[in-house]
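Enquirer: Starting from these lines, generate the structure:
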Amino acid sequence: MSNHKTVLKSKQYFNYGYGCAESVLLAIAEYQGIKSELIPRMASGFCGGMAHTNGLCGAVSGAVLALNLVHGRDNFNQSREKNYEAIKLFLA
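Expert: Numbers count the residues shown, from 1 in each chain. From the prediction side, this is the model:
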């Protein structure tokens with residue numbers, strides 16, 4: 001699935017009724033072949049700018065969660081640097 005298709009899939013999830021953070025996380029997790037009952041649950045509170053508090057955009061939060069799925073560490077002995085670099089690149 002290309003980046004364009006991932007964006008379209010995210011929009012499709014949003015049109016189904018998922019929030020922005022949920023939609024982005026669902027689409028990227030699907031692209032990566034990651035399935036979990038925790039997705040989209042773990043992103044729900046990030047929707048609407050952190051639960052309608054005018055916080056960070058839910059789509060950005062969902063993308064950071066998705067980057068954590070792809071590049072995050074599995075234990076405390078692993079470095080966070082690859083993950084941090086991916087997030088910095090995305091935010092730039």
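
Enquirer: so what pLDDT did the residue lying farthest from the centre of the chain get?
Expert: For the chain, the largest distance from the centre (CA atoms, centre = their mean) belongs to Asn77, which lies 23.9 Å off. Listed pLDDT for Asn77 reads 96.

Enquirer: for it, phi and psi?
Expert: Main-chain dihedrals, Asn77, degrees, to the nearest 10: phi -80, psi -20.

Enquirer: Now do it against Leu38, distance only.
Expert: Asn77 is 23 Å from Leu38, where distance means CB to CB, to the nearest Å. Backbone N, C-alpha and C define where each C-beta goes, glycine included.

Enquirer: Can you give me the pLDDT of Val60?
Expert: So Val60 comes in at 95 (pLDDT).

Enquirer: next one: stretch 30-47 to chain centre, how far?
Expert: Relative to its chain's centre, stretch 30-47 lies at 7 Å (CA atoms, centre = their mean, to the nearest Å).

Enquirer: got the buried residues for that stretch?
Expert: The neighbour-count check on stretch 30-47 (16 or more other CB atoms under 10 Å) flags Glu30, Tyr31, Ile39, Pro40, Met42, Ala43, Phe46, Cys47 as buried.
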